[in-house]
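>>> How does the following fold in three dimensions:
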Amino acid sequence: MSAPTPRPGILDISPYVGGLSKLDGVDRIIKLSSNEGALGPSPRAVAAFQAMAGQMHRYPDGHAVALRAAIARQFGLDAARVVCGNGSDELLQLLARCYAGPGDEVLYSRHAFIVYPIAALSAGATPVAADEVDLTASVDHLLAKVSPRTRVVFLTNPNNPTGTYLPAAEVRRLRDGLPADVLLVIDAAYAEYVERNDYSNGAELVEAGENTVMTRTFSKIYGLGGMRVGWAYCPAQVADVLNRTRGPFNVSNAGLAAAQAALEDVAFTDLARRHNSFWRAWLAERLSALGLLVVPGVANFLLVRFPYQAGRSAKEADAFLRGKGIIVRQVASYGLPDYLRITIGRDDEVRAVAGALAEFMESQA
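This is a model prediction of the structure:
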């Protein structure tokens, strides 16, 4: 008896696996595996969420008018070109499906967000990875991989899971080097954490032409990962395509309200940024002093390399941390088996992971 057969490429997808959040037999967990906002959501966002409890039977505003207007005010953008999504993941998937298909290629850097090859294969396209330099996306390597079949280029900036970034001038060089009919998608999920004067989230490239999109999320600095709210800033014709293909009510009432409240609580966002900058530097210094290689990062996590030797490997360090109730992120699936990614959490959580890793390294001396 025959059965329905999925389109070619679908069964080649390895399902996305999120950061572990539970350990058997452990009640108190320190979760540093998913790059969630260390301070949680703004109290205003919590209040806005709670205020929507009586509206659960109502469909949300399918056009996200109020949230799009708030985003436009906050960042000086054209609200008509903002599209909201069920997390930025939904928008990344839609962009791949709308602009690439069988016979096409989707390009990204070697250690970029693993959703990109999933999105490419879901669209029936071929994922293509370009080599990096020092765990940083390389414009030259990306451009060398461009072919007549290339339709979409994904650039995570800053990158997950490495934490590295490309300066604005390099991103512009990438855009200038791509054919005009290739869509450049700048995934700036961690933009709010960056405090470098040579960085840009890419909005100016969106404004400058018809072939660049910037995506953002409320899951990181705004602490709303569980709400699933993201947005894209697009050329008008790309916004039209996304609005034709996204779900009609893709962001919930509670998500819309919480996201707008979080966005407008600028003081809380500033506090979260200062917290992250201080404790990221603090943890990097402590781990470097242990002899570990810490990749210079600008987001809300650190990528840490462990010696490839018995007793001190990343896998053994991860097991040791789990024994202490601390969960970080293995990144072997990203081609980085010697590394662990550690999210910057609360101050007590950062101190705990630093202390545990010091104990691990000393025990293996």
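>>> Against F218, how distant is P148?
37 Å (Cβ to Cβ, to the nearest Å). In this view, the C-beta of every residue, glycine as well, is placed from N, C-alpha and C.
>>> Tell me which of these two has more neighbours.
More crowded of P148 and F218, by other Cβ atoms under 10 Å: F218, with 30 against 8.
>>> Was I right to think the more buried one contacts A262?
Yes: counting by Cβ atoms under 8 Å, F218 does reach A262; the two are 6.3 Å apart.
>>> Identify the contacts common to these two.
L224 (Cβ atoms under 8 Å, 6 or more residues apart in numbering).
>>> And the protein, split by domain according to the record?
Here the domain parsing of the chain from automatic domain parsing is 18-40+267-363, 43-264.
>>> The last one: how far from the chain's middle?
Spelled out, that is domain 43-264. 9 Å (Cα atoms, centre = their mean, to the nearest Å).
>>> so how far is the first residue of that domain from its last?
Using Cα to Cα, to the nearest Å, the end-to-end distance of domain 43-264 comes out at 11 Å.
>>> pLDDT of the helix ranked longest in the chain, averaged?
Counting residues, the longest helix in the chain under DSSP state H turns out to be helix 266-289. The pLDDT scores in helix 266-289 average 98.
>>> so what strands line up beside whichever helix or strand comes after that helix?
Using DSSP states H and E, the helix or strand that follows helix 266-289 in sequence is strand 293-295. Applying DSSP bridges, strand 293-295 is found paired with strand 301-305 (antiparallel).
>>> right, and the helix or strand after the partner strand?
helix 314-323.
>>> who does that next one touch, helix- and strand-wise?
strand 329-330, strand 339-343, helix 347-363 (3 or more Cβ pairs under 8 Å, 6 or more residues apart in numbering; DSSP states H and E).
>>> Put together TSV for these, with distance to Q50 on each row.
Shown next, in TSV, are the helices and strands packed on helix 314-323 (distance: least, Cβ to Cβ, whole Å):
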stretch	distance to Q50
strand 329-330	31
strand 339-343	26
helix 347-363	26
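>>> Would you mind finding the most buried of those?
Highest mean neighbour count among the helices and strands packed on helix 314-323 (mean count of other Cβ atoms under 10 Å): strand 339-343, with a mean of 26.
>>> So in that sheet, which strands flank it, and in what orientation?
Here, using DSSP bridges, strand 339-343 pairs with strand 301-305 (antiparallel), strand 329-330 (antiparallel).
>>> Mind jotting down where the helices sit in the stretch 101-250 of the chain?
For the stretch 101-250 of the chain, the helices defined by DSSP state H, counting those that start in this stretch occupy 115-122, 139-145, 168-177, 203-208, 236-245.
>>> What's the separation between A96 and G124?
Counting by Cβ to Cβ - A96 and G124 are separated by 10 Å.
>>> the more surrounded of these two?
Using other Cβ under 10 Å, the more surrounded residue of A96 and G124 is A96, with 29 against 17.
>>> which residues make contact with the host helix or strand of that one from outside it?
Using DSSP H and E, A96 maps to helix 87-99. Contact partners of helix 87-99, identified using Cβ under 8 Å, 6+ apart, comprise 83, 85, 106, 115-116, 118-120, 122-123, 125, 151-152, 154, 183, 185, 187, 189, 213, 215-217, 219, 228-232, 238, 241-242, 245-247, 250.
>>> Just the buried subset of these, please.
Buried subset of the contacts of helix 87-99 (neighbour count, 16 or more other Cβ atoms under 10 Å): 83, 85, 106, 115-116, 118-120, 122-123, 125, 151-152, 154, 183, 185, 187, 189, 213, 215-217, 219, 228-232, 238, 241-242, 246, 250.
>>> Just confirm A137 contacts N157, I think it does.
Yes: in this structure A137 lies within contact range of N157 using Cβ under 8 Å: 7.4 Å.
>>> Quick one: neighbours of the residue lying closest to Q74 once chain neighbours are set aside, just the number.
Leaving out its chain neighbours, the residue that sits closest to Q74 by Cβ to Cβ, 6 or more residues apart in numbering is L263, at 5.6 Å. Applying other Cβ under 10 Å, we find 22 residues neighbouring L263.
>>> And what about L263, helix, strand or coil?
helix (DSSP: H, G, I helix; E, B strand; the rest coil).
>>> Not counting its neighbours along the chain, what's nearest T269?
Counting by Cβ to Cβ, 6+ apart, the residue nearest T269 is I221, at 6.0 Å.
>>> quick one, phi/psi of that neighbour?
Per-residue torsions, I221: phi -60, psi -30 (degrees, to the nearest 10).
>>> what do you get for G335?
phi 80, psi 20.
>>> Test my guess that it contacts A112.
No: counting by Cβ under 8 Å, G335 does not reach A112; the two are 10.5 Å apart.
>>> Pick out whichever of those two has more residues nearby.
A112 (24 against 11).
>>> From L293, how far off is the more buried one?
20 Å.
>>> can you pull the buried residues of stretch 189-208?
189-194, 199-203, 205-206.
>>> ok, of those, which one's closest to G355?
Y193 (24.2 Å; Cβ to Cβ).
>>> Which parts of the stretch 1-150 of the chain are strands?
Applying DSSP state E, counting those that start in this stretch to the stretch 1-150 of the chain gives strands spanning 30-31, 82-85, 105-109, 126-130, 132-133, 136-137, 150-156.
>>> Tabulate the ones you listed in JSON lines, adding columns for distance to V17 and mean pLDDT.
Converted to JSON lines, these look like this (distance: least, Cβ to Cβ, whole Å; pLDDT from 0 to 100):
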{"stretch": "strand 30-31", "distance to V17": "15", "mean pLDDT": "95"}
{"stretch": "strand 82-85", "distance to V17": "21", "mean pLDDT": "97"}
{"stretch": "strand 105-109", "distance to V17": "18", "mean pLDDT": "98"}
{"stretch": "strand 126-130", "distance to V17": "17", "mean pLDDT": "97"}
{"stretch": "strand 132-133", "distance to V17": "22", "mean pLDDT": "97"}
{"stretch": "strand 136-137", "distance to V17": "23", "mean pLDDT": "97"}
{"stretch": "strand 150-156", "distance to V17": "18", "mean pLDDT": "98"}
